[in-house]
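A.B. asks: Need a 3D model of the sequence below.
(2 chains)
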Amino acid sequence: MNQAQHLTDKQRFLLSNLQDGALDGAELPQLLDAVAEDADLRCTWERYQLIGQLIRGESYAPLARQVSPQVHLELAIAPVLPLPLRIRAVAMHTQLRFAIAASVVGVAVFVAPAWLEHSASPDHVEIAQEFVPAEAASGGRWHLDQPHLANKLDRFLVTHQETAPIGETKGMLRYATFVRDDLDR
Amino acid sequence: MRPSCVMTLIVNCRWALLLCCGLISPWTLAQTAPAPALTQQISVLLERMTNALHALNYEGVLVYLHDNRLETLNLLHRVTQGQVQERLVSLSGPVRTVARERDRILSAQPEGQPFAVDPPSSGGHILATEGIDPAALDAHYRIAILGTARIAGRDTEVIGIIPRDALRYGYRFYIDRATALPLKSDLIDQQEEPLEQLMFTTISISPADGATLARSGQPMRNAPATEASSRWRFGTTPAGFQLVLHREIRQPDGALTEHFLFTDRLCAYSIYIEDESQEGLNGVTNTGAVHAAGRTIDGYRVTALGEVPAATVAAAIAGAQRN
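C.D. replies: As a prediction, this is how the structure comes out:
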């Protein structure tokens, strides 16, 4: 299979859009997967970047395009530094050691529970990762293709804003999101 | 006590002193709560701000910065004979407007159907929010006076309510010294990066006609956590959020929807539950900093929505279970 067959016009078009910052967000995951799997597509992406840099008159380093081989090369030629057989213990007064130990205990007893409480629980992180973006339209409120659903979410949002604690503190500005221009331009 | 006695006491008690230093230092460092006097000062400022928003008549032009876009809005707030009239209109792009007349919210946008949301049948707000109580926020926010700034030609005090984690947003309010109106408000994340900014460029302010506003309902700032009395329970709510309101609301098509409001006393999200015949959201979406997540559970549409991060609404509906 030659390169022309392998790289579809659509993928080139999407890469070009990505380079220009005009790619639809919904198409990005599929394109990135394709680029990750296809070396020819990566070469095309590099060529597009190079063309863009030249058109904009930016300087470029050709070797910077070969990051992975360079990392391997540097690792291969890097000198191996042996660890000292025994790291000499830092002379430390017993009382200072005790104070440091007490500090660690203090951190463990008082700070760690508060820190853990303030962090998102692992359950929530896992749960959040299960959710995927709803089928997105290119623009419009809520990025939805279903006007009735977007309308319903708007009504839900008004009802929510009317009862949320921050509502009265923000006054009418709580509704700024309703008058924003969400259409892609 | 003689100096020599003091020295003897220090030498004899050095172990205890070192232990105290070890234990107290990290404890002290971990505490970032403002002093009570500062909390009181912030509380007074925020209360004045909330009162000013309702009690004064004002009209002005705002800039609205979001997603690297800049828009201009016109805001009118008028209190006449105890009734509030409010209107927010976009001045750039297609005309979009939200207005409040006698507690009824009306919205008109070129890309959607105009709609109106009526006030609850009991009249007024279900919960009167009465501003922000800084003392109740300390677990999840750091509150501070950040300095002063000049906005719309007026001097302001800047108050920051900065979230301690990524499950909620915070605010920076630029509060007019003379009237206590917020002339600029930034919605910020945990790193204090602004997500949205609203700022008056011009504003005219006048006192209202003096009639007392009709306010009703239990104050939200003191509202107790409640239990879901329906057939739904929410096992794992995002840290710090509590259920404070549960009610049924009737949609324009006559369908009944259950509404649950969860809050950490500043940020909030709502969960709406309808039967599956209704059109519903699957997945996560957003409009600006407002995120919504939806899924179907046991034949019911469950939608969570609020000005909170996507992870918060996603976690909120993930914890919903039917009894």
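A.B. asks: and residue B:192, what helix or strand is that in?
C.D. replies: In this structure, residue B:192 sits in neither a helix nor a strand according to DSSP states H and E.
A.B. asks: Please apply the same query to the one 4 residues further on.
C.D. replies: Taking DSSP H and E as the definition, one finds residue B:196 inside strand B:194-207.
A.B. asks: Show me what that strand is packed against.
C.D. replies: strand B:56-66, strand B:182-188 (3 or more Cβ pairs under 8 Å, 6 or more residues apart in numbering or on different chains; DSSP states H and E). Glycine gets a C-beta too; all of them are placed from N, C-alpha and C.
A.B. asks: To chain A, which of those strands lies closest?
C.D. replies: strand B:56-66 (5.8 Å; Cβ to the nearest Cβ).
A.B. asks: how about the nearest residue to residue A:171, chain neighbours excluded?
C.D. replies: Nearest residue to residue A:171, sequence neighbours excluded (Cβ to Cβ, 6 or more residues apart in numbering or on different chains): residue B:53, at 4.1 Å.
A.B. asks: Can you classify that neighbour by secondary structure?
C.D. replies: Of the three states, residue B:53 takes helix under DSSP: H, G, I helix; E, B strand; the rest coil.
A.B. asks: residue ranges with poor pLDDT in chain B?
C.D. replies: Counting by pLDDT under 70, the ranges of chain B that qualify are B:1-34, B:111-112, B:119-131, B:210-230.
A.B. asks: need the helices for it, in chain order.
C.D. replies: Ranges of helices in chain B, per DSSP state H, are B:3-12, B:14-30, B:36-55, B:310-318.
A.B. asks: follow-up on the earlier one: okay, the residue nearest to residue A:171 and residue B:156: tell me how far apart.
C.D. replies: Distance, residue B:53 to residue B:156, by Cβ to Cβ, to the nearest Å: 14 Å.
A.B. asks: likewise residue B:258?
C.D. replies: 41 Å.
A.B. asks: Which one's more surrounded, these two?
C.D. replies: residue B:156 (22 against 18; other Cβ atoms under 10 Å in any protein chain shown).
A.B. asks: Could you list the low-confidence segments of chain A?
C.D. replies: A:1-7, A:19-22, A:25, A:46-132, A:135-139, A:183-185.
A.B. asks: rerun at 90
C.D. replies: For chain A, the stretches with pLDDT under 90 are A:1-148, A:150-151, A:154-155, A:158, A:161-185.
A.B. asks: picking that back up, hmm, the residue nearest to residue A:171 is touching residue B:183, no?
C.D. replies: No. Counting by Cβ atoms under 8 Å, residue B:53 does not reach residue B:183; the two are 11.4 Å apart.
A.B. asks: For residue B:246, which non-adjacent residue is closest in space?
C.D. replies: Once flanking residues are discounted, residue B:246 sits nearest to residue B:260: 5.2 Å by Cβ to Cβ, 6+ apart.
A.B. asks: just residue B:43 next, same as before
C.D. replies: Closest to residue B:43 by Cβ to Cβ, 6+ apart is residue B:134, at 5.1 Å.
A.B. asks: How much space separates that neighbour from residue B:282?
C.D. replies: For residue B:134, the distance to residue B:282 equals 39 Å [Cβ to Cβ].
A.B. asks: For the two, work out which one has more neighbours and name it.
C.D. replies: Between residue B:134 and residue B:282, counted using other Cβ under 10 Å, the more crowded position is residue B:134 (26 against 16).
A.B. asks: what's the burial count for the closest residue to residue B:156 other than its chain neighbours?
C.D. replies: Using Cβ to Cβ, 6+ apart and skipping the chain neighbours, the partner closest in space to residue B:156 is residue B:174 (4.1 Å). Neighbour count for residue B:174, taken as other Cβ under 10 Å: 24.
A.B. asks: Wait, residue B:174 touches residue B:158, no?
C.D. replies: Yes. Under the criterion of Cβ under 8 Å, residue B:174 makes contact with residue B:158 at 5.4 Å.
A.B. asks: what's the overlap in contacts for those two?
C.D. replies: Residues touching both residue B:174 and residue B:158 by Cβ atoms under 8 Å, 6 or more residues apart in numbering or on different chains: residue B:149.
A.B. asks: Good, we can wrap up now.
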